[in-house]
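Colleague: How does the following fold in three dimensions:
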Amino acid sequence: MEPVTLQEEKDVDDCNDQTSFTQELPLGNKLELKPIIISGPIVRRKQFLHYLGMVLDQFWLHSRDIQMDVNCGDYDDFKPMHRAAECGNIEMVTYLMKKGSSWQLMNHFGENPLSLAIKNRHFDLIKFLKLHHAVLKMPLVRAAMRLQQAVAKRDFSALYAWSLAELDMDEKDYNGRTAMHLAVRMRDKQLVQILLRYGATPLERDIWNQTPLDEARKHNLDGILTLFHPRFTVQFPNKQAYLQHIPNKKLETDI
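Modeller: The predicted model follows:
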C-alpha cells in the first residue's frame, strides 16, 4: 500500500476556508476519508511546512482529528519549529513545543531554532528559548566567526542578539582571534565599549600570542586603552585572574 500523503492538489492557501485537511485512505476494498496523519518520512512539501511554522490560529491545527508529527521536515530537514523561530513567532514556538517539538532540532545547514532567532534578531524569542534552556548547536569557532562578522559590519543589533544568547564574547576563530581583537584593529571605540559591556575582554591571546590589549598598546590607541584601564591593566592583568574573580560573565545592560 502506498504511503498516505497530503493531497498534492490541495494548496496551502486553502487553509483559510472552513474545511479540514483530509486524504483518501484505502480500507479493505473501498476508499474512506480519514483524518490527516502527517509523518516525518512522508511529508516533504516545503511550502506546507513553512506555512505551518508561520501560523497559529488555523482551526485545523487544533482539531482532535489531526495526528501531526511536528518534527517532520523537508529535504533540507527544515522543520516547522525552524520556520517559526525564523519568523520570531513565539506563539507558534510555544504551540509546537507543547505538541512535542524540540528546540534542539538542527537542519542540514547546521541551524537550530536558537541560531535562527539570533540570525533574524528576534530578541524576545531568544530570551524565551534561553528560559527553556536552549543552547547553540553550531561549532563555537563558527559562532566566533559570525560574531566577528557582526563587528566588521558594526551590526550592533546582532551583537546584542549574541549576548542575549549568552555566547562567550571571547570565543576564538581559527587564528585564535576574538571579536575584541577585530574591534581594536578597527580602532572603533564604540565597538570596544559594547563588547566590554557584553562580557568580552582584551586578554585573550591569538596564535601569535597577541592580545587586544597588546594591539592597543602597540599602536598607541590611548582612547581605547582608557577603556581597558584600570580593570584590565591593574585589577586583572591576565585572563586567569579575570576568570577567578568573575567565573560567570553575564550581560549587564542593554544597548
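
Colleague: Low-confidence stretches in the stretch 51-200 of the chain?
Modeller: Regions of the stretch 51-200 of the chain meeting the criterion pLDDT under 70 cover residues 51-69.

Colleague: same thing but at 50, please
Modeller: Applying pLDDT under 50 to the stretch 51-200 of the chain flags the ranges 56-60, 63, 65.

Colleague: would you list every one of the strands in it?
Modeller: Taking DSSP state E, counting those that start in this stretch as the criterion, the stretch 51-200 of the chain carries its strands at 67-68.

Colleague: Would you map out the domains in this protein?
Modeller: The chain breaks down by automatic domain parsing into domains covering 12-131, 140-245.

Colleague: And the last one, end to end?
Modeller: Going back to what we said before, that points to domain 140-245. Domain 140-245 has an end-to-end distance of 24 Å (criterion: C-alpha to C-alpha, to the nearest Å).

Colleague: The closest residue in space to His132 that isn't next to it in sequence: how many residues sit nearby?
Modeller: Excluding the flanking residues, the one nearest His132 by C-beta to C-beta, 6 or more residues apart in numbering is Trp103, at 6.4 Å. Every residue, glycine included, has its C-beta placed from N, CA and C. Other residues lying near Trp103 total 20 when counted by other C-beta atoms under 10 Å.

Colleague: cool, Ser115 as well?
Modeller: As a burial measure, Ser115 scores 23 neighbours (other C-beta under 10 Å).

Colleague: Next one: it from Met106, what distance?
Modeller: According to C-beta to C-beta, to the nearest Å, Ser115 stands 9 Å off from Met106.

Colleague: buried sites along stretch 232-242?
Modeller: Within stretch 232-242, the residues scored as buried using 16 or more other C-beta atoms under 10 Å are 232, 236, 239, 242.

Colleague: was I right about the second one contacting Pro230?
Modeller: No. At 9.3 Å, Phe236 does not count as touching Pro230 under the criterion of C-beta atoms under 8 Å.

Colleague: list residues touching both of Ser115 and Met106?
Modeller: Overlap between the contact sets of Ser115 and Met106, as judged by C-beta atoms under 8 Å, 6 or more residues apart in numbering, is given by Lys137.

Colleague: before we move on, the earlier item: got the contact list for the residue nearest to His132?
Modeller: 81, 93, 97, 112-114, 129, 132, 134.

Colleague: same thing but 7 Å
Modeller: The contact partners of Trp103, taken as C-beta atoms under 7 Å, 6 or more residues apart in numbering, are 81, 112-114, 129, 132, 134.

Colleague: Met97 too?
Modeller: Taking C-beta under 7 Å, 6+ apart as the definition of contact, Met97 has no neighbours.

Colleague: again with Leu196
Modeller: Leu227.

Colleague: and with 10 Å instead?
Modeller: Listed by C-beta atoms under 10 Å, 6 or more residues apart in numbering, the contact set of Leu196 reads 169, 180, 183, 202, 227-228, 231-232, 252.
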